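Asks: Sequence first, predicted model second:
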Amino acid sequence: MLDDVSFEVAPGEVVALLGASGAGKTTLFRCLTRLAEADDGQIYFGEQAIRGLGGRRLSSARSEAGLIFQQFNLIRRLSALDNVLAGRLGHIPTWRVLLRRFPRTDRQLALAALDRVGMLAFALQRADSLSGGQQQRVAIARALAQQSKFVLADEPVASLDPESARSVLSILRDIARERMIAVLVSLHQVDLALRYADRVIALRAGRMIADHPATSFAEIDHQAIFTA
């Protein structure tokens with residue numbers, strides 16, 4: 001349950017969402033993507049209010065948000081390139097995606113996205129043969145190929161080793177700056193939030209208990225955030 005949660009994420013800004021298990025982070029992400037319906041309030045992607053939208057209008061709004069998950073959500077038997085091309089679903093006919101018959105411009109876009117995250121050399125490799133960190137980079141490349149204006153990353157480094165986690169968050173931060181993408185990322189690790197985010201929002205029992213620049217968040221009582 002969420003109660004009176006309200007904030008903005010600006011283009012080019014990385015906002016980290018902290019909180020103990022059950023604090024409401026996943027519920028918030030489900031509301032943002034309309035996988036769960038909020039009882040009140042409004043959700044905006046840019047100028048577009050998405051509560052109340054349905055059908056093609058909702059699909060169009062959703063296509064502007066790239067989703068990155070803890071378990072990567074890649075199609076394991078497909079190559080890294082084909083997984084990135086799946087991000088073009090909102091821009092080309094569905095039959096092209098199903099048959100993997102993509103226009104040359106889309107393939108170039110996908111290859112450029114893989115190159116940006118350091119995965120071009122693995123473009124033709126099956127997703128299930130990649131390490132966790134590599135799979136998460138492919139997921140980021142998919143969001144880039146989708147030409148997302150917003151990225152919602154729900155615990156994207158929870159299953160990664162520390163080095164891979166730092167690499168993934170560094171890429172997210174850099175592409176936010178380069179492409180003016182608004183990034184909201186939920187984390188458990190305070191040190192990573194302070195290092196890679198511009199702002200930190202803390203949830204506890206479904207309520208916001210802090211919203212501060214990362215530079216001043218170090219002064220907050222972190223124990224209070226992670227105590228259920």
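Replies: Everything's here; your move. Numbers count the residues shown, from 1 in each chain.

Asks: Now do the buried residues in stretch 51-60.
Replies: Neighbour counts using 16 or more other Cβ atoms under 10 Å place L53 of stretch 51-60 among the buried residues. All C-beta atoms are positioned from the backbone trio N, CA, C, and that covers glycine.

Asks: now what about it, what contacts it?
Replies: For stretch 51-60, contacts defined as Cβ atoms under 8 Å, 6 or more residues apart in numbering pick out 34, 37-38, 41-43, 50, 61, 90.

Asks: let's see it at 6 Å
Replies: 42-43, 61 (Cβ atoms under 6 Å, 6 or more residues apart in numbering).

Asks: Over to stretch 169-187?
Replies: So stretch 169-187 is contacted by 9, 11-17, 25, 117, 140, 150-155, 192-193, 196 (Cβ under 6 Å, 6+ apart).

Asks: mind giving me the domain split of this protein?
Replies: 1-63+186-228, 72-145 (automatic domain parsing).

Asks: can you confirm S21 is in a strand?
Replies: No: according to DSSP: H, G, I helix; E, B strand; the rest coil, S21 belongs to no strand; its state is coil.

Asks: Which among the domains of the chain is found nearest to S167?
Replies: Closest approach to S167 among the domains of the chain is made by domain 72-145 (6.1 Å; Cβ to Cβ).

Asks: what pLDDT does H91 get?
Replies: H91 carries a pLDDT score of 68 in this model.

Asks: again, but for the one 3 residues further on
Replies: In the predicted model, T94 carries a pLDDT score of 69.

Asks: next one: Q147
Replies: 90.

Asks: And V168, by the same measure?
Replies: Here, the pLDDT recorded for V168 equals 96.

Asks: just checking, it touches V138?
Replies: No: applying Cβ atoms under 6 Å as the test, V168 and V138 come out as separate, 10.9 Å apart.

Asks: picking up where we left off before, out of the contacts of stretch 51-60, which one has the lowest pLDDT?
Replies: Lowest confidence among those: A61, with 78.

Asks: Three-state assignment for it, please.
Replies: Of the three states, A61 takes helix according to three-state DSSP.

Asks: With I209 as the reference, measure out to it.
Replies: 29 Å (Cβ to Cβ, to the nearest Å).
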